[in-house]
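Asker: Structure here, sequence nowhere to be found:
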């Protein structure tokens, strides 16, 4: 079985192809709500060609999306270019994880995929820090229950806010500065953005781990995880393909027809 998984975020879209449990290839693209189903289909098939993957070998498609306007386009793309229905991570999908959120429908699909994969790979309790458009913290109990989490502004949002709201501040590259004390406007902004994110992550983790206990594992993922995680005092391992792994696991659970449905408050 070859499975195409697609994680559509507000800033980036990450695609991966699994052959069984092996991730054969993965790609990170800019999310573009203006593209058509044909453009997505041609782009994905071109990526397949570059990595020697045959499109006709794909037997399943699993999608997590936090950009609803793209869902119908991706569903159309799946049918037209792969002759398959796309399975979306949405209410009614079996995740195998109890969701203890006031309204389970509010939890982003990517956060559920991350939590499922982290529990399977690392056990619990655990906290997943996802460095995307927002920096999200998702908490999973020792028994594999989704407990909830924290949502904070991401580095890109913070940088854009500085540029938009302060007339004399430029757009800057987000990177770790050579020193904390900046000696120019650009280096001062880079220091504030980078160490502000590190301080935010460590401060929130301090409080989460007080509640969850000292044996809690911390895992980092997302586009900017490699940039920030190494400077955190917790030094969480970076699992760049965690969301894709979660989509594979959830697809397999639905193909097998096992496990409670998404949003259920039953135990794992």
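Answerer: Sure thing, it's come through. The structure presented is a predicted model; accordingly, all values stated were derived computationally and were not measured.
Asker: Now tell me what touches the helix or strand containing residue 139 from outside.
Answerer: Take DSSP states H and E as the rule and residue 139 turns out to sit in strand 134-140. If you take CB atoms under 8 Å, 6 or more residues apart in numbering as the criterion, strand 134-140 is touched by 97, 108, 111, 114-115, 118-119, 124-130, 146-155, 157, 197, 200-201, 204-205, 208, 212, 222. (C-beta placed from N, C-alpha, C; glycine too.)
Asker: taking those residues one by one, which sit in strands?
Answerer: 126-130, 146-153 (DSSP state E).
Asker: would you turn the residues you listed into a markdown table with neighbour count?
Answerer: A markdown table is the format used below for the ones in strands among the contacts of strand 134-140 (neighbours: other CB atoms under 10 Å):
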| residue | neighbour count |
| --- | --- |
| 126 | 23 |
| 127 | 26 |
| 128 | 29 |
| 129 | 28 |
| 130 | 27 |
| 146 | 26 |
| 147 | 19 |
| 148 | 15 |
| 149 | 22 |
| 150 | 17 |
| 151 | 13 |
| 152 | 16 |
| 153 | 16 |
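Asker: With respect to residue 29, which of those residues is nearest?
Answerer: Checking these against residue 29 by CB to CB gives residue 130 as the nearest, at 17.6 Å.
Asker: any idea how far the closest one lies from residue 246?
Answerer: Residue 130 sits 11 Å away from residue 246, going by CB to CB, to the nearest Å.
Asker: Identify the residues contacting residue 165.
Answerer: Contacts for residue 165 (CB under 8 Å, 6+ apart) come out as none.
Asker: Show the pLDDT at it.
Answerer: Looking at residue 165, its pLDDT stands at 81.
Asker: Would you mind measuring from it to residue 243?
Answerer: Distance, residue 165 to residue 243, using CB to CB: 31 Å.
Asker: likewise residue 5?
Answerer: Taking CB to CB as the measure, residue 5 falls 8 Å from residue 243.
Asker: how big is the angle separating the helix or strand bottoming out on mean pLDDT in the chain from strand 134-140?
Answerer: Of all helical and strand segments in the chain, the minimum by mean pLDDT, DSSP states H and E falls on helix 155-165, at a mean of 85. Here helix 155-165 runs at an angle of 150 degrees relative to strand 134-140 (axes from the mean of the first three to the mean of the last three CA atoms, to 10 degrees).
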